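S.K.: Mind folding the following:
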Amino acid sequence: MPKIVSIVPKWRFDAAGVTPPKTWELVFADGEDDPALLAACHDADVLLAPPGFQKITAALLRGSPRLKLVQESGAGFDGVDIQAARELGIPVANIPGANAHEVAEYAIGLMIALQRALIVADRETKAGQYSKVRKQMFLRGLGDMPGSTIGLVGLGAIGRRVAEIARFLGAKVVYYNRTRLGPAQEHDLGIEYRSLPELLAQSDIVSLHIPLTPQTRGLIGKNEMLLMKPSSTLINTARGDIVDQTALAEMLESGRIAGAAVDVFYPEPPPTDHPLLNLSPAARDRLIVTPHMGGVTANAFRRMLDGAIENIRRVCDGEAPQNVVNGL
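M.R.: Residues are numbered from 1 along each chain as shown. Got it, this is the predicted structure:
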């Protein structure tokens, strides 16, 4: 009976309505208890991790001599020591694109919420300030999609879906990607290529859709944000480490950018002294924060877990895993 150690908690399986095969010895491990996790993985055949889990270290991998697969339950694999896994011959696999629509839909929702100041309007209306806040919003002049240029940093499955929805809503879409699309693809999507500095300077909304790698860590820092329009907003549904969060807090405090929405932090969960959680009231009104929930609808999580379980089944049956990200 293969032993599967899951850092994905049981309640996530229950919430998604997913039942693992009864032929597995499935052990749910506490990802915050390092010694217990190491002990659980010592004789494990497969390690199942939630996206973004940051503790699959070289030490953990070396202490798991039977390990045949590290399976991510989503697209992200930045929490795995990929080089150590490659050296040890342990495949690392992910589930790419399973929640691309959900994350794209969420990113669009955050854009609209910032444009229409929904959080402030909701709070003030509930506080009995209906007429005051309504007048305030009229005088402020709220944005909309047809009047916006949306700049997408990254054009994978999520970025492309954002582009499709944004174009349908009437926005102009520009993009920056490590590899530029061909002219026919750009024409079909109705998007235009820009260098990163050009994109930051020209966009009303900058939305990040890139994986966390050594090259993208800290990609959007203070200098990059200073290129943005004072009226622009930043959306991050990718990874917290891509943005200098202290610099973002400073930009919001000074009003140097109009707003931001982040679904991801570094670290996660954020500590109580995190700069984005300790803003002044005025800066707080320019920021929407959510707890890394953009891609975890019930349907999306069911697809991701089903895909992960199928890949684990393949390995347990002696077949090669799919979607291996570390070249094995």
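S.K.: Give me the nearest residue to residue 170, chain neighbours excluded.
M.R.: Taking C-beta to C-beta, 6 or more residues apart in numbering, and ignoring the residues beside it in sequence, residue 170 has residue 146 as its nearest neighbour in space, at 3.4 Å. C-beta here means a position set from N, CA and C on the backbone, and glycine is covered the same way.
S.K.: Apologies, that question was intended for residue 18.
M.R.: Distances taken as C-beta to C-beta, 6+ apart put residue 305 closest to residue 18, at 4.4 Å, once the chain neighbours are dropped.
S.K.: tally of neighbours for that neighbour?
M.R.: 25 (other C-beta atoms under 10 Å).
S.K.: can you tell me how far residue 192 sits from residue 323?
M.R.: Note on residue 192: its distance to residue 323, by C-beta to C-beta, to the nearest Å, is 31 Å.
S.K.: Between those two, which has more neighbouring residues?
M.R.: Under the neighbour definition other C-beta under 10 Å, residue 192 and residue 323 were set side by side, and residue 323 has more, 18 against 15.
S.K.: Report pLDDT for the nearest residue to the more buried one once chain neighbours are set aside.
M.R.: Beyond its immediate neighbours in the sequence, the residue positioned closest to residue 323 (C-beta to C-beta, 6+ apart) is residue 93, lying 4.9 Å away. On the pLDDT scale, residue 93 is placed at 97.
S.K.: hang on, isn't residue 93 packed against residue 328?
M.R.: No - shown here, residue 93 and residue 328 do not form a contact pair, counting by C-beta atoms under 8 Å, at 9.5 Å.
S.K.: Looking at these two now, which is surrounded by more residues?
M.R.: Neighbours per residue, other C-beta under 10 Å: of residue 93 and residue 328, the larger number sits with residue 93, 24 against 15.
S.K.: Might you report the residue contacts of the more buried one?
M.R.: 69-72, 311, 321-325 (C-beta atoms under 8 Å, 6 or more residues apart in numbering).
S.K.: ok, back up a step: for the residue nearest to residue 170, which three-state class applies?
M.R.: Secondary structure assignment for residue 146 (DSSP: H, G, I helix; E, B strand; the rest coil): coil.
S.K.: For burial, what's the neighbour tally of it?
M.R.: Counted by other C-beta under 10 Å, the residues lying close to residue 146 total 9.
S.K.: Make 18 the starting number, not 1.
M.R.: I'll keep to 18 as the first residue from here, and by that count the last item is residue 163.
S.K.: Residue 183 is in contact with that one, correct?
M.R.: No - under the contact definition of C-beta under 8 Å, residue 163 does not touch residue 183, with a separation of 10.3 Å.
S.K.: pretty sure residue 55 is in a helix, no?
M.R.: Yes - with the criterion set as three-state DSSP, the secondary structure at residue 55 is a helix.
S.K.: Spatially nearest residue to it, not counting backbone neighbours?
M.R.: Counting by C-beta to C-beta, 6+ apart, residue 55 lies nearest to residue 80, which is 5.3 Å off, once chain neighbours are set aside.
S.K.: Repeat that for residue 224.
M.R.: residue 252 is the one closest to residue 224 (C-beta to C-beta, 6+ apart), at 4.1 Å.
S.K.: I'd like the next helix or strand past the one helix or strand the one you found maps to.
M.R.: Under the assignment given by DSSP states H and E, the secondary-structure element containing residue 252 is strand 250-253. Downstream of strand 250-253, the next assigned helix or strand under DSSP H and E is helix 262-271.
S.K.: now for that following helix, which elements pack on it?
M.R.: Under the contact definition 3 or more C-beta pairs under 8 Å, 6 or more residues apart in numbering; DSSP states H and E, helix 262-271 sits against helix 239-244, strand 276-279, helix 298-301.
S.K.: What residues of that helix count as buried?
M.R.: Along helix 262-271, the positions that meet the burial threshold by neighbour count (16 or more other C-beta atoms under 10 Å) are 262, 264-266, 268-269.
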